[in-house]
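*Asks:* Task: produce atomic coordinates for the following.
(one chain, ligands or ions: 1)
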Amino acid sequence: MNPPAHDVSPSRRTFVRNMTLGAAFIAGGATGGLAAELAELTKGGEKKLGVALVGLGLYSRGELGPALRQTRLCRFAGVITGSREKGVKWSRSYGFPEKNIWSYDSMHEIASNPDIDIVYVVTPNGLHAEHVVKSALAGKHVICEKPMANTVAECDQMMAACRKAGVQLSVGYRLHYDPNHIELDRLARVKDFGALTRLSGEHSWTFQQRAWRIERSLSGGGPLMDVGIYVIQAACRAAMAQPIAITARELPKTRPELFNEVEETIEWTMEFPGGVTCEASSSYNRENNLFRAEGAKGWIRLSPAYGYRGIEVETSAGPLKFPEVPQQALQMDDFTSCILTGRETPVPGSMGRDHMVIIEAIYKSAALGGRRVELPRA
Ligand code: NAD
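*Replies:* I've put the predicted structure just below:
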């Protein structure tokens, strides 16, 4: 992961100019195109679209609820929760009516509620398919948290249901709205450091206690499904492609009593077209959060790479500093903007499915003792 000795950096002047362009790109806290759309769409002071959150766990509580206080095109309009009491507390805190609290069993009733335009599914991975399909049947646009589902087959069902209902489906890929990752996209495209051919990354955290994340039916897998997916996303963005082959191996478990249904640590290599490779890993027994991409003329390293805040970027030409942005608010405003304008979301269900194809190949290779598994060509 260390910078190689042979780095050849672009000139400082080129680098500073690019950084300025990058900063301008996210002026106003929204990416260029989105900033213009937001300005246009908020001009007449039209009513914001209503969002209902499904599942009021940590991510909804810590990030999505608060982000809905910052969004400009959509507003918090209801919840689907297993606890009515919790729903009432949320309705008082966020100011939506108590009639807009549903249970998982009654969520089909949102169909007749005009307050709700978008349903945001934030339940355990193994429930995403059920909740997305129910939302689509109710005629609502849907954002689904990552990973999109437990399997590619479920992704197909979800996409088919949304297509049939004529609603848009997006995946909660907040890093597509983060300026540090947008800079990674830019470098991949403009090739300041040459084509980014040597990629590596890890996302790991120390998992302590029994919970749905290590129950296969609800999680679909271990750290790979939970956080390793971020390395997959970053690598596909840096390579601007889907991998063509995977080799993977699961490491021996240090706490087999806890990880008796899912992997504890997994390492994998992604081969992309044109000889681009990514060495990746994800674990529930250590702390690591980084991504690195190297071309013939330089490198970029993000560490921490995948946080809601505090992403840090080093390059062979010096450090980069971008303003913090409200990732989730931008993500939800962009999806709303897509609905209002008919533009396709940059983070569609098909992208979530692509990543599930990779994840299934990683598990398959690991199960086959590290055999190289080829992915279907797009
Ligand atoms: P959590 O455990 O904190 O919350 C899960 C919620 O689902 C809870 O409200 C729980 O009551 C509800 N639930 C409904 N049925 C359940 C069942 N059968 N078993 C367990 N819980 C059930 O989880 P979380 O961290 O909020 O994660 C929820 C989803 O959001 C996951 O898919 C996760 O991958 C995703 N997530 C995404 C990000 C991100 O940065 N995009 C961050 C965290 C979590």
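*Asks:* what's the following helix or strand after the top helix by length along the chain?
*Replies:* Ordering each helix of the chain by length in residues (DSSP state H) puts helix 349-367 first. Sequence order places strand 373-374 as the next helix or strand after helix 349-367, per DSSP states H and E.
*Asks:* Check which helices and strands that next one is in contact with.
*Replies:* strand 245-250, helix 349-367 (3 or more Cβ pairs under 8 Å, 6 or more residues apart in numbering; DSSP states H and E). Quick note: C-beta positions are derived from backbone N, CA and C, even for glycine.
*Asks:* What residues sit buried inside stretch 162-177?
*Replies:* Neighbour counts over stretch 162-177 (16 or more other Cβ atoms under 10 Å) mark 162, 165, 167-177 as buried.
*Asks:* That one: end-to-end distance?
*Replies:* Distance across stretch 162-177, first residue to last, is 23 Å (Cα to Cα, to the nearest Å).
*Asks:* mind checking how far that stretch is from the chain centre?
*Replies:* 11 Å (Cα atoms, centre = their mean, to the nearest Å).
*Asks:* Quickly check: the longest helix of the chain near the ligand or not.
*Replies:* No - on the criterion Cβ under 6 Å from any ligand atom, helix 349-367 is out of touch with the ligand, staying 11.1 Å away.
*Asks:* what about that helix, average pLDDT?
*Replies:* For helix 349-367, the mean per-residue pLDDT is 98.
*Asks:* Please name every helix or strand in contact with that helix.
*Replies:* When contacts are defined as 3+ Cβ pairs under 8 Å, 6+ apart, helix 349-367 packs onto helix 152-165, strand 169-171, helix 229-239, strand 245-250, strand 265-271, strand 373-374.
*Asks:* distance between that helix and the chain's centre?
*Replies:* 14 Å.
*Asks:* so it versus helix 229-239, what angle?
*Replies:* Relative orientation of helix 349-367 versus helix 229-239 (axes from the mean of the first three to the mean of the last three Cα atoms, to 10 degrees): 110 degrees.
*Asks:* Just the CA trace of helix 349-367, in PDB.
*Replies:* Extracted in PDB, the C-alpha atoms of helix 349-367 (Å, rounded to 0.1, in the frame of the first residue of the first chain):
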ATOM      1  CA  GLY A 349     -30.400  -0.800  -9.500                       C
ATOM      2  CA  SER A 350     -28.300  -2.200 -12.400                       C
ATOM      3  CA  MET A 351     -25.200  -0.900 -10.600                       C
ATOM      4  CA  GLY A 352     -26.200  -2.600  -7.400                       C
ATOM      5  CA  ARG A 353     -26.800  -5.800  -9.400                       C
ATOM      6  CA  ASP A 354     -23.300  -5.500 -11.100                       C
ATOM      7  CA  HIS A 355     -21.800  -5.400  -7.600                       C
ATOM      8  CA  MET A 356     -23.800  -8.500  -6.500                       C
ATOM      9  CA  VAL A 357     -22.500 -10.300  -9.600                       C
ATOM     10  CA  ILE A 358     -19.000  -9.600  -8.400                       C
ATOM     11  CA  ILE A 359     -19.800 -10.600  -4.800                       C
ATOM     12  CA  GLU A 360     -21.300 -13.900  -5.900                       C
ATOM     13  CA  ALA A 361     -18.100 -14.600  -8.000                       C
ATOM     14  CA  ILE A 362     -15.900 -13.800  -5.000                       C
ATOM     15  CA  TYR A 363     -17.800 -16.300  -2.800                       C
ATOM     16  CA  LYS A 364     -17.800 -18.800  -5.600                       C
ATOM     17  CA  SER A 365     -14.000 -18.500  -6.100                       C
ATOM     18  CA  ALA A 366     -13.400 -18.800  -2.300                       C
ATOM     19  CA  ALA A 367     -15.600 -21.800  -2.100                       C
END
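*Asks:* Now that helix: buried residues?
*Replies:* Of all the residues in helix 349-367, those buried under the rule 16+ other Cβ under 10 Å are 349, 351-363, 365-366.
*Asks:* Can you tell me which residues in the stretch 1-150 of the chain are near the ligand?
*Replies:* Contact residues, the stretch 1-150 of the chain versus the ligand (Cβ under 6 Å from any ligand atom): 55-60, 82, 122-125, 127, 145-146.
*Asks:* Just these: which are in helices?
*Replies:* Per DSSP H, these map to helices at L58, Y59, N125, L127.
*Asks:* you'd agree the last one is up against G220?
*Replies:* No - between L127 and G220 no contact is recorded; they are 10.6 Å apart, counting by Cβ atoms under 8 Å.
*Asks:* In terms of distance to Y284, which of the ones in helices among the residues of the stretch 1-150 of the chain next to the ligand ranks first?
*Replies:* N125 (15.0 Å; Cβ to Cβ).
*Asks:* Kind regards, and thank you for your time.
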